[in-house]
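Colleague: Give me a 3D structure for the following:
(chains A and B)
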Protein chains: 2
Amino acid sequence: MKDVTPPAATPGRAAKSEQTRTLILETALRLFQERGYDRTTMRAIAQEAGVSVGNAYYYFASKEHLVQGFYDRLAAEHAAAVRPVLAAERDLAARIRGALLIWLDVAEPYRPFATQFFRNAADPESPLSPFSEESAPARAAAVAIQEQVLTGSDTKTAPELADRLPQLMWLGQMGLVLFWVYDRSEHAARSRRLVERTAPVVARAIALSRFRALRPLVRQVHELLDEFLPSPRTPPAKD
Amino acid sequence: MKDVTPPAATPGRAAKSEQTRTLILETALRLFQERGYDRTTMRAIAQEAGVSVGNAYYYFASKEHLVQGFYDRLAAEHAAAVRPVLAAERDLAARIRGALLIWLDVAEPYRPFATQFFRNAADPESPLSPFSEESAPARAAAVAIQEQVLTGSDTKTAPELADRLPQLMWLGQMGLVLFWVYDRSEHAARSRRLVERTAPVVARAIALSRFRALRPLVRQVHELLDEFLPSPRTPPAKD
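Modeller: Take a look at the predicted model:
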(Lines give C-alpha, C1' and ligand atoms only; values in the text may rest on other atoms or scores of the structure.)
Protein backbone atom coordinates (compact mmCIF):
# COMPACT_ATOMS: atom_id res chain seq x y z
CA MET A 1 0.00 0.00 0.00
CA LYS A 2 2.85 2.40 0.82
CA ASP A 3 3.85 2.54 -2.87
CA VAL A 4 0.53 3.92 -4.02
CA THR A 5 1.24 7.61 -3.39
CA PRO A 6 -1.23 10.10 -4.86
CA PRO A 7 0.52 11.73 -7.86
CA ALA A 8 0.80 15.27 -6.49
CA ALA A 9 2.01 14.27 -3.02
CA THR A 10 5.42 15.31 -1.69
CA PRO A 11 6.84 14.50 1.77
CA GLY A 12 5.96 18.00 2.97
CA ARG A 13 2.41 17.78 1.71
CA ALA A 14 1.94 14.34 3.23
CA ALA A 15 3.04 15.67 6.63
CA LYS A 16 0.70 18.67 6.28
CA SER A 17 -2.12 16.36 5.29
CA GLU A 18 -1.49 14.13 8.32
CA GLN A 19 -1.49 17.24 10.53
CA THR A 20 -4.83 18.39 9.19
CA ARG A 21 -6.27 14.92 9.64
CA THR A 22 -5.09 14.83 13.26
CA LEU A 23 -6.42 18.33 13.90
CA ILE A 24 -9.87 17.39 12.61
CA LEU A 25 -9.92 14.16 14.61
CA GLU A 26 -8.84 15.88 17.83
CA THR A 27 -11.34 18.68 17.37
CA ALA A 28 -14.08 16.11 16.80
CA LEU A 29 -13.19 14.13 19.92
CA ARG A 30 -13.18 17.32 21.99
CA LEU A 31 -16.60 18.37 20.64
CA PHE A 32 -18.03 14.88 21.13
CA GLN A 33 -16.97 15.10 24.76
CA GLU A 34 -18.25 18.64 25.24
CA ARG A 35 -21.52 18.47 23.31
CA GLY A 36 -22.22 14.78 22.97
CA TYR A 37 -21.77 12.63 19.87
CA ASP A 38 -25.33 12.94 18.58
CA ARG A 39 -25.36 16.74 18.81
CA THR A 40 -22.03 17.36 17.11
CA THR A 41 -22.24 18.03 13.36
CA MET A 42 -19.50 17.77 10.74
CA ARG A 43 -20.06 21.47 10.06
CA ALA A 44 -19.33 22.35 13.70
CA ILE A 45 -16.21 20.17 13.68
CA ALA A 46 -14.90 21.85 10.52
CA GLN A 47 -15.63 25.31 11.90
CA GLU A 48 -13.87 24.61 15.21
CA ALA A 49 -10.90 23.07 13.42
CA GLY A 50 -10.68 26.08 11.10
CA VAL A 51 -11.03 24.08 7.90
CA SER A 52 -13.72 24.11 5.24
CA VAL A 53 -16.57 21.61 5.50
CA GLY A 54 -15.43 20.12 2.18
CA ASN A 55 -11.96 19.65 3.58
CA ALA A 56 -13.30 17.90 6.68
CA TYR A 57 -15.30 15.54 4.47
CA TYR A 58 -12.20 14.90 2.37
CA TYR A 59 -10.47 13.40 5.42
CA PHE A 60 -13.49 11.77 7.06
CA ALA A 61 -16.43 10.80 4.87
CA SER A 62 -18.82 10.92 7.86
CA LYS A 63 -19.05 11.26 11.60
CA GLU A 64 -18.83 7.47 11.79
CA HIS A 65 -15.47 7.61 10.03
CA LEU A 66 -14.26 9.98 12.72
CA VAL A 67 -15.12 7.37 15.32
CA GLN A 68 -13.24 4.76 13.29
CA GLY A 69 -10.33 7.19 13.34
CA PHE A 70 -10.70 7.28 17.11
CA TYR A 71 -10.68 3.46 17.29
CA ASP A 72 -7.53 3.34 15.16
CA ARG A 73 -5.82 5.93 17.31
CA LEU A 74 -6.79 4.10 20.52
CA ALA A 75 -5.38 0.86 19.09
CA ALA A 76 -2.14 2.60 18.05
CA GLU A 77 -1.73 4.31 21.45
CA HIS A 78 -2.36 0.98 23.16
CA ALA A 79 0.19 -0.83 20.99
CA ALA A 80 2.84 1.78 21.79
CA ALA A 81 2.12 1.92 25.53
CA VAL A 82 2.03 -1.85 25.94
CA ARG A 83 5.45 -2.43 24.34
CA PRO A 84 7.64 -1.92 27.46
CA VAL A 85 5.44 -4.23 29.57
CA LEU A 86 5.53 -7.01 27.00
CA ALA A 87 9.29 -6.56 26.65
CA ALA A 88 9.82 -6.86 30.42
CA GLU A 89 7.42 -9.62 31.48
CA ARG A 90 7.40 -13.32 30.62
CA ASP A 91 4.71 -14.42 33.06
CA LEU A 92 1.42 -14.86 31.21
CA ALA A 93 -0.83 -13.52 33.97
CA ALA A 94 1.38 -10.41 34.25
CA ARG A 95 1.28 -9.90 30.48
CA ILE A 96 -2.51 -10.23 30.31
CA ARG A 97 -2.94 -7.92 33.30
CA GLY A 98 -0.43 -5.41 31.93
CA ALA A 99 -1.99 -5.25 28.49
CA LEU A 100 -5.50 -4.72 29.86
CA LEU A 101 -4.54 -2.22 32.57
CA ILE A 102 -2.67 -0.19 29.98
CA TRP A 103 -5.70 -0.25 27.74
CA LEU A 104 -7.72 1.18 30.64
CA ASP A 105 -5.05 3.89 31.12
CA VAL A 106 -5.01 4.81 27.46
CA ALA A 107 -8.80 4.84 27.21
CA GLU A 108 -9.46 6.72 30.48
CA PRO A 109 -9.45 10.25 28.99
CA TYR A 110 -12.14 9.14 26.53
CA ARG A 111 -14.40 7.47 29.09
CA PRO A 112 -17.05 10.22 29.34
CA PHE A 113 -17.27 10.21 25.55
CA ALA A 114 -17.23 6.42 25.28
CA THR A 115 -20.04 6.13 27.78
CA GLN A 116 -22.45 8.45 26.05
CA PHE A 117 -21.46 7.19 22.64
CA PHE A 118 -21.72 3.48 23.49
CA ARG A 119 -25.44 3.63 22.73
CA ASN A 120 -24.54 4.14 19.06
CA ALA A 121 -21.84 1.50 18.89
CA ALA A 122 -24.14 -1.05 20.50
CA ASP A 123 -26.57 -0.74 17.61
CA PRO A 124 -26.04 -3.93 15.59
CA GLU A 125 -26.58 -2.01 12.34
CA SER A 126 -23.98 0.59 13.20
CA PRO A 127 -20.61 0.69 11.42
CA LEU A 128 -19.30 1.70 14.86
CA SER A 129 -19.97 -1.75 16.33
CA PRO A 130 -16.68 -3.49 17.21
CA PHE A 131 -17.90 -6.41 15.08
CA SER A 132 -18.62 -4.37 11.94
CA GLU A 133 -16.63 -4.64 8.74
CA GLU A 134 -15.70 -0.98 9.13
CA SER A 135 -14.02 -1.76 12.47
CA ALA A 136 -11.88 -4.53 10.95
CA PRO A 137 -8.56 -2.58 11.00
CA ALA A 138 -8.91 -1.54 14.66
CA ARG A 139 -10.03 -5.08 15.51
CA ALA A 140 -7.02 -6.64 13.73
CA ALA A 141 -4.67 -4.31 15.62
CA ALA A 142 -6.23 -5.31 18.94
CA VAL A 143 -6.08 -9.03 18.11
CA ALA A 144 -2.42 -8.61 17.16
CA ILE A 145 -1.67 -7.23 20.63
CA GLN A 146 -3.35 -10.25 22.23
CA GLU A 147 -1.21 -12.46 20.02
CA GLN A 148 1.95 -10.77 21.31
CA VAL A 149 0.72 -11.21 24.88
CA LEU A 150 0.53 -14.96 24.27
CA THR A 151 3.55 -15.68 22.11
CA GLY A 152 6.03 -13.78 24.28
CA SER A 153 5.03 -15.56 27.48
CA ASP A 154 6.63 -18.62 29.11
CA THR A 155 3.26 -20.43 29.15
CA LYS A 156 2.65 -22.85 26.31
CA THR A 157 -0.76 -22.83 24.68
CA ALA A 158 -2.62 -25.98 23.66
CA PRO A 159 -1.60 -26.33 19.99
CA GLU A 160 -5.23 -26.85 18.91
CA LEU A 161 -6.15 -23.46 20.34
CA ALA A 162 -3.13 -21.43 19.24
CA ASP A 163 -4.68 -20.00 16.08
CA ARG A 164 -7.90 -18.93 17.78
CA LEU A 165 -6.78 -17.86 21.22
CA PRO A 166 -5.85 -14.25 20.30
CA GLN A 167 -9.36 -13.71 18.93
CA LEU A 168 -10.90 -15.34 21.98
CA MET A 169 -8.88 -13.04 24.22
CA TRP A 170 -9.95 -10.06 22.14
CA LEU A 171 -13.58 -11.13 22.74
CA GLY A 172 -12.76 -11.22 26.44
CA GLN A 173 -11.36 -7.70 26.11
CA MET A 174 -14.63 -6.60 24.51
CA GLY A 175 -16.34 -8.00 27.62
CA LEU A 176 -14.05 -5.79 29.71
CA VAL A 177 -14.90 -2.78 27.54
CA LEU A 178 -18.59 -3.49 28.12
CA PHE A 179 -17.96 -3.66 31.88
CA TRP A 180 -15.90 -0.47 31.70
CA VAL A 181 -18.63 1.43 29.90
CA TYR A 182 -21.01 0.49 32.71
CA ASP A 183 -18.37 1.18 35.38
CA ARG A 184 -19.16 4.31 37.40
CA SER A 185 -16.24 4.02 39.85
CA GLU A 186 -13.56 6.70 39.97
CA HIS A 187 -10.64 6.12 37.57
CA ALA A 188 -12.42 2.90 36.54
CA ALA A 189 -11.25 1.29 39.78
CA ARG A 190 -13.81 -1.54 39.44
CA SER A 191 -12.64 -2.34 35.92
CA ARG A 192 -9.03 -2.36 37.11
CA ARG A 193 -10.00 -4.69 39.91
CA LEU A 194 -11.75 -6.97 37.42
CA VAL A 195 -8.55 -7.15 35.38
CA GLU A 196 -6.47 -7.93 38.51
CA ARG A 197 -8.86 -10.73 39.39
CA THR A 198 -9.40 -12.14 35.90
CA ALA A 199 -5.84 -12.16 34.56
CA PRO A 200 -4.61 -15.04 36.79
CA VAL A 201 -7.79 -17.03 36.06
CA VAL A 202 -7.35 -16.68 32.31
CA ALA A 203 -3.63 -17.46 32.50
CA ARG A 204 -4.33 -20.57 34.56
CA ALA A 205 -7.07 -21.73 32.20
CA ILE A 206 -4.69 -21.31 29.25
CA ALA A 207 -1.96 -23.28 31.03
CA LEU A 208 -4.46 -26.03 31.89
CA SER A 209 -5.65 -26.25 28.29
CA ARG A 210 -2.66 -28.52 27.53
CA PHE A 211 -3.82 -31.05 30.16
CA ARG A 212 -4.71 -34.42 28.70
CA ALA A 213 -8.00 -34.62 30.64
CA LEU A 214 -9.11 -31.32 29.12
CA ARG A 215 -8.34 -32.25 25.53
CA PRO A 216 -11.93 -33.15 24.61
CA LEU A 217 -13.14 -29.85 26.04
CA VAL A 218 -10.42 -27.91 24.20
CA ARG A 219 -11.35 -29.65 20.97
CA GLN A 220 -15.02 -28.73 21.43
CA VAL A 221 -14.14 -25.13 22.19
CA HIS A 222 -11.95 -25.01 19.09
CA GLU A 223 -14.74 -26.31 16.87
CA LEU A 224 -17.04 -23.71 18.36
CA LEU A 225 -14.56 -20.91 17.65
CA ASP A 226 -13.88 -22.19 14.14
CA GLU A 227 -17.55 -21.99 13.37
CA PHE A 228 -18.30 -18.64 14.95
CA LEU A 229 -15.19 -16.52 14.54
CA PRO A 230 -14.01 -15.12 11.21
CA SER A 231 -11.00 -17.03 9.92
CA PRO A 232 -7.86 -15.63 11.53
CA ARG A 233 -5.63 -13.25 9.57
CA THR A 234 -8.01 -13.16 6.62
CA PRO A 235 -9.48 -9.72 6.05
CA PRO A 236 -13.28 -9.73 5.61
CA ALA A 237 -14.45 -10.28 2.04
CA LYS A 238 -15.28 -7.19 0.01
CA ASP A 239 -17.70 -7.19 -2.90
CA MET B 1 -47.86 -11.72 49.33
CA LYS B 2 -51.16 -13.28 48.19
CA ASP B 3 -52.83 -12.25 51.48
CA VAL B 4 -52.24 -8.55 51.02
CA THR B 5 -55.29 -7.72 48.90
CA PRO B 6 -56.00 -4.02 48.35
CA PRO B 7 -59.10 -3.15 50.46
CA ALA B 8 -61.48 -2.30 47.62
CA ALA B 9 -60.51 -5.23 45.41
CA THR B 10 -62.87 -8.09 44.68
CA PRO B 11 -62.05 -11.15 42.55
CA GLY B 12 -64.00 -9.66 39.63
CA ARG B 13 -62.26 -6.33 39.84
CA ALA B 14 -58.84 -7.93 40.14
CA ALA B 15 -59.48 -9.96 36.97
CA LYS B 16 -60.72 -6.84 35.14
CA SER B 17 -57.67 -4.93 36.28
CA GLU B 18 -55.35 -7.70 35.08
CA GLN B 19 -57.15 -7.70 31.73
CA THR B 20 -56.67 -3.96 31.29
CA ARG B 21 -53.01 -4.28 32.24
CA THR B 22 -52.52 -7.05 29.67
CA LEU B 23 -54.39 -5.06 27.01
CA ILE B 24 -52.16 -2.02 27.53
CA LEU B 25 -49.00 -4.12 27.49
CA GLU B 26 -49.99 -5.94 24.32
CA THR B 27 -50.99 -2.75 22.57
CA ALA B 28 -47.67 -1.20 23.54
CA LEU B 29 -45.66 -4.15 22.23
CA ARG B 30 -47.56 -4.05 18.96
CA LEU B 31 -46.97 -0.30 18.54
CA PHE B 32 -43.29 -0.64 19.48
CA GLN B 33 -42.97 -3.20 16.71
CA GLU B 34 -44.94 -1.17 14.18
CA ARG B 35 -43.61 2.32 14.89
CA GLY B 36 -40.41 1.75 16.83
CA TYR B 37 -39.88 2.16 20.55
CA ASP B 38 -38.61 5.75 20.44
CA ARG B 39 -41.51 6.99 18.34
CA THR B 40 -44.30 5.42 20.38
CA THR B 41 -45.80 7.66 23.05
CA MET B 42 -47.84 6.69 26.11
CA ARG B 43 -50.67 8.78 24.65
CA ALA B 44 -50.69 6.72 21.45
CA ILE B 45 -50.64 3.48 23.45
CA ALA B 46 -53.60 4.60 25.58
CA GLN B 47 -55.54 5.71 22.50
CA GLU B 48 -54.95 2.42 20.63
CA ALA B 49 -55.86 0.41 23.74
CA GLY B 50 -59.04 2.46 24.20
CA VAL B 51 -58.20 3.61 27.71
CA SER B 52 -57.56 7.08 29.10
CA VAL B 53 -53.99 8.32 29.32
CA GLY B 54 -54.41 8.53 33.10
CA ASN B 55 -55.51 4.91 33.19
CA ALA B 56 -52.47 3.83 31.14
CA TYR B 57 -50.17 5.68 33.54
CA TYR B 58 -51.96 4.03 36.48
CA TYR B 59 -50.81 0.62 35.24
CA PHE B 60 -47.42 1.62 33.83
CA ALA B 61 -45.72 4.69 35.26
CA SER B 62 -43.66 5.16 32.07
CA LYS B 63 -42.71 3.61 28.77
CA GLU B 64 -39.77 2.01 30.58
CA HIS B 65 -42.20 0.28 32.91
CA LEU B 66 -43.93 -1.19 29.88
CA VAL B 67 -40.63 -2.71 28.82
CA GLN B 68 -40.16 -4.11 32.32
CA GLY B 69 -43.64 -5.60 31.91
CA PHE B 70 -42.41 -7.15 28.67
CA TYR B 71 -39.33 -8.59 30.42
CA ASP B 72 -41.54 -10.08 33.14
CA ARG B 73 -43.87 -11.60 30.59
CA LEU B 74 -40.98 -13.08 28.60
CA ALA B 75 -39.56 -14.60 31.80
CA ALA B 76 -42.98 -16.05 32.72
CA GLU B 77 -43.56 -17.47 29.22
CA HIS B 78 -40.09 -18.99 29.28
CA ALA B 79 -40.63 -20.55 32.72
CA ALA B 80 -43.90 -22.15 31.55
CA ALA B 81 -42.53 -23.39 28.21
CA VAL B 82 -39.38 -24.85 29.70
CA ARG B 83 -41.20 -26.97 32.31
CA PRO B 84 -41.86 -30.08 30.14
CA VAL B 85 -38.24 -30.18 28.92
CA LEU B 86 -36.84 -29.95 32.42
CA ALA B 87 -39.29 -32.62 33.59
CA ALA B 88 -38.24 -35.02 30.80
CA GLU B 89 -34.46 -34.61 30.62
CA ARG B 90 -31.75 -35.45 33.15
CA ASP B 91 -28.74 -34.91 30.91
CA LEU B 92 -27.17 -31.52 31.68
CA ALA B 93 -26.23 -30.65 28.09
CA ALA B 94 -29.79 -31.45 26.97
CA ARG B 95 -31.24 -29.32 29.76
CA ILE B 96 -29.01 -26.35 28.96
CA ARG B 97 -29.74 -26.67 25.24
CA GLY B 98 -33.48 -27.10 25.85
CA ALA B 99 -33.77 -24.11 28.14
CA LEU B 100 -31.93 -21.82 25.73
CA LEU B 101 -33.63 -23.04 22.54
CA ILE B 102 -36.99 -22.53 24.20
CA TRP B 103 -35.99 -19.03 25.17
CA LEU B 104 -35.20 -18.37 21.50
CA ASP B 105 -38.63 -19.77 20.55
CA VAL B 106 -40.46 -17.65 23.09
CA ALA B 107 -38.52 -14.52 22.18
CA GLU B 108 -38.70 -14.95 18.37
CA PRO B 109 -41.94 -12.98 17.84
CA TYR B 110 -40.36 -10.03 19.61
CA ARG B 111 -37.08 -10.09 17.70
CA PRO B 112 -37.77 -7.13 15.37
CA PHE B 113 -38.75 -5.09 18.41
CA ALA B 114 -35.83 -6.32 20.53
CA THR B 115 -33.37 -5.45 17.80
CA GLN B 116 -34.43 -1.86 17.34
CA PHE B 117 -34.97 -1.39 21.05
CA PHE B 118 -31.65 -2.89 22.14
CA ARG B 119 -30.00 0.48 21.60
CA ASN B 120 -31.95 1.79 24.59
CA ALA B 121 -31.33 -1.20 26.84
CA ALA B 122 -27.61 -1.04 26.12
CA ASP B 123 -27.42 2.43 27.62
CA PRO B 124 -25.75 1.88 31.00
CA GLU B 125 -27.94 4.58 32.57
CA SER B 126 -31.15 3.02 31.32
CA PRO B 127 -33.56 1.25 33.70
CA LEU B 128 -34.03 -1.16 30.78
CA SER B 129 -30.52 -2.55 31.11
CA PRO B 130 -30.63 -6.21 32.21
CA PHE B 131 -28.29 -5.20 35.05
CA SER B 132 -30.44 -2.36 36.39
CA GLU B 133 -32.21 -2.43 39.73
CA GLU B 134 -35.51 -2.11 37.86
CA SER B 135 -34.80 -5.36 36.00
CA ALA B 136 -34.20 -7.28 39.24
CA PRO B 137 -37.50 -9.25 39.20
CA ALA B 138 -37.07 -10.44 35.60
CA ARG B 139 -33.43 -11.22 36.32
CA ALA B 140 -34.30 -13.25 39.43
CA ALA B 141 -36.85 -15.26 37.42
CA ALA B 142 -34.26 -16.01 34.74
CA VAL B 143 -31.62 -17.03 37.29
CA ALA B 144 -34.19 -19.33 38.95
CA ILE B 145 -34.67 -21.17 35.64
CA GLN B 146 -30.90 -21.68 35.34
CA GLU B 147 -30.94 -23.04 38.87
CA GLN B 148 -33.58 -25.61 37.88
CA VAL B 149 -31.54 -26.56 34.83
CA LEU B 150 -28.65 -27.41 37.14
CA THR B 151 -30.32 -28.99 40.16
CA GLY B 152 -32.52 -31.37 38.16
CA SER B 153 -29.63 -32.80 36.14
CA ASP B 154 -27.60 -35.93 36.79
CA THR B 155 -24.33 -33.92 36.67
CA LYS B 156 -22.93 -32.89 40.02
CA THR B 157 -21.60 -29.34 40.32
CA ALA B 158 -18.40 -28.45 42.18
CA PRO B 159 -19.73 -27.57 45.65
CA GLU B 160 -17.71 -24.33 45.72
CA LEU B 161 -19.49 -23.12 42.62
CA ALA B 162 -23.03 -24.27 43.40
CA ASP B 163 -24.27 -20.97 44.81
CA ARG B 164 -22.90 -18.87 41.94
CA LEU B 165 -23.34 -21.12 38.95
CA PRO B 166 -26.96 -20.14 38.17
CA GLN B 167 -25.93 -16.47 37.99
CA LEU B 168 -22.93 -17.33 35.87
CA MET B 169 -25.17 -19.24 33.48
CA TRP B 170 -27.56 -16.31 33.38
CA LEU B 171 -24.61 -14.11 32.37
CA GLY B 172 -23.91 -16.63 29.63
CA GLN B 173 -27.54 -16.34 28.56
CA MET B 174 -27.13 -12.56 28.35
CA GLY B 175 -24.21 -13.24 26.03
CA LEU B 176 -26.56 -15.32 23.88
CA VAL B 177 -29.14 -12.51 23.91
CA LEU B 178 -26.44 -10.12 22.71
CA PHE B 179 -25.53 -12.54 19.91
CA TRP B 180 -29.23 -12.97 19.07
CA VAL B 181 -29.79 -9.23 18.80
CA TYR B 182 -26.95 -9.07 16.26
CA ASP B 183 -28.14 -12.26 14.53
CA ARG B 184 -29.61 -11.53 11.08
CA SER B 185 -30.23 -15.17 10.09
CA GLU B 186 -33.74 -16.43 9.45
CA HIS B 187 -35.53 -17.75 12.55
CA ALA B 188 -32.33 -16.94 14.45
CA ALA B 189 -30.73 -20.05 12.97
CA ARG B 190 -27.23 -18.84 13.88
CA SER B 191 -28.23 -18.31 17.51
CA ARG B 192 -29.80 -21.77 17.60
CA ARG B 193 -26.61 -23.22 16.19
CA LEU B 194 -24.59 -21.38 18.83
CA VAL B 195 -26.76 -22.98 21.52
CA GLU B 196 -26.33 -26.45 19.97
CA ARG B 197 -22.58 -25.97 19.95
CA THR B 198 -22.21 -24.31 23.33
CA ALA B 199 -24.47 -26.48 25.49
CA PRO B 200 -22.19 -29.58 25.44
CA VAL B 201 -19.12 -27.39 26.11
CA VAL B 202 -20.74 -25.75 29.12
CA ALA B 203 -22.05 -29.08 30.44
CA ARG B 204 -18.60 -30.63 30.10
CA ALA B 205 -16.92 -27.68 31.81
CA ILE B 206 -19.38 -27.97 34.70
CA ALA B 207 -18.75 -31.70 35.03
CA LEU B 208 -14.98 -31.10 34.96
CA SER B 209 -15.21 -28.45 37.65
CA ARG B 210 -15.22 -31.23 40.28
CA PHE B 211 -11.82 -32.49 39.06
CA ARG B 212 -9.08 -32.21 41.67
CA ALA B 213 -6.62 -30.65 39.20
CA LEU B 214 -9.10 -27.88 38.48
CA ARG B 215 -9.82 -27.01 42.11
CA PRO B 216 -7.46 -24.02 42.23
CA LEU B 217 -9.03 -22.62 39.08
CA VAL B 218 -12.54 -23.21 40.42
CA ARG B 219 -11.61 -21.46 43.66
CA GLN B 220 -10.27 -18.45 41.75
CA VAL B 221 -13.38 -18.27 39.60
CA HIS B 222 -15.53 -18.43 42.70
CA GLU B 223 -13.68 -15.56 44.36
CA LEU B 224 -14.08 -13.56 41.18
CA LEU B 225 -17.83 -14.21 41.08
CA ASP B 226 -18.20 -13.44 44.80
CA GLU B 227 -16.62 -10.09 44.25
CA PHE B 228 -18.43 -9.10 41.08
CA LEU B 229 -21.90 -10.61 41.27
CA PRO B 230 -24.60 -9.39 43.65
CA SER B 231 -25.06 -11.80 46.55
CA PRO B 232 -27.39 -14.61 45.44
CA ARG B 233 -31.03 -14.57 46.54
CA THR B 234 -30.68 -11.18 48.21
CA PRO B 235 -32.72 -8.46 46.54
CA PRO B 236 -30.72 -5.29 45.84
CA ALA B 237 -30.64 -2.77 48.69
CA LYS B 238 -33.17 0.05 48.58
CA ASP B 239 -32.61 3.43 50.23
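Colleague: CA atoms for contacts and neighbours, from now on please.
Modeller: Will do.
Colleague: Show me where chain A dips below the pLDDT cut-off.
Modeller: Across chain A, residues meeting the criterion (pLDDT under 70) sit at A:1-11, A:116, A:123-125, A:231-239.
Colleague: Please, where are all the helices along it?
Modeller: A:11-35, A:42-49, A:53-59, A:63-88, A:92-107, A:111-121, A:136-151, A:165-182, A:189-208, A:215-228 (DSSP state H).
Colleague: Could you look over these and pick the most buried one?
Modeller: Of all the helices of chain A, helix A:92-107 has the most neighbours on average by mean count of other Cα atoms under 10 Å in any protein chain shown, namely a mean of 21.
Colleague: Report the inter-axis angle for that one versus helix A:165-182.
Modeller: Following axes from the mean of the first three to the mean of the last three Cα atoms, to 10 degrees, one obtains 50 degrees for the angle between helix A:92-107 and helix A:165-182.
Colleague: Distance from helix A:92-107 to the middle of the chain?
Modeller: The chain centre lies 13 Å from the centre of helix A:92-107; the measure is Cα atoms, centre = their mean, to the nearest Å.
Colleague: Show me the contact partners of it.
Modeller: For helix A:92-107, contacts defined as Cα atoms under 8 Å, 6 or more residues apart in numbering or on different chains pick out A:74, A:77-78, A:81-82, A:85-86, A:89, A:149-150, A:153-155, A:173, A:188, A:192, A:195-196, A:199-200, A:202-204.
Colleague: Residue numbers of chain A in contact with chain B?
Modeller: Taking Cα under 8 Å from any Cα of the partner chain as the measure of proximity, chain A contacts chain B at A:115-116, A:118-120, A:122-124, A:181-182, A:194, A:197-198, A:201, A:204-205, A:217, A:220-221, A:224, A:228.
Colleague: surely residue A:33 meets residue A:113?
Modeller: Yes - the criterion here is Cα atoms under 8 Å, and residue A:33 meets it with residue A:113 at 5.0 Å.
Colleague: which residues are in contact with both of the two?
Modeller: Shared contacts of residue A:33 and residue A:113 (Cα under 8 Å, 6+ apart): none.
Colleague: do you know how far the residue nearest to residue A:72 when sequence neighbours are not counted is from residue A:28?
Modeller: Computed as Cα to Cα, 6 or more residues apart in numbering or on different chains, the closest residue to residue A:72 that is not its neighbour in sequence is residue A:138, at 5.1 Å. Using Cα to Cα, to the nearest Å, residue A:138 is found at 19 Å from residue A:28.
Colleague: Same question for residue A:81.
Modeller: 23 Å.
Colleague: same question, residue A:142
Modeller: From residue A:142 to residue A:28 the distance is 23 Å (Cα to Cα).
Colleague: Residue A:64: what's it in contact with?
Modeller: A:127-128.
Colleague: please redo it, this time with the cut-off set to 10 Å
Modeller: The contact partners of residue A:64, by Cα atoms under 10 Å, 6 or more residues apart in numbering or on different chains, come to A:70, A:120-121, A:126-128, A:134.
Colleague: nearest residue to residue A:55 other than its sequence neighbours?
Modeller: In space, and not counting its chain neighbours, residue A:55 is closest to residue A:46: 7.8 Å by Cα to Cα, 6+ apart.
Colleague: before we move on, what about residue A:141?
Modeller: Nearest non-adjacent residue to residue A:141, counting by Cα to Cα, 6+ apart: residue A:75, 6.3 Å away.
Colleague: and what of residue A:21?
Modeller: Residue A:21 sits nearest to residue A:59 (Cα to Cα, 6+ apart), 6.1 Å away.
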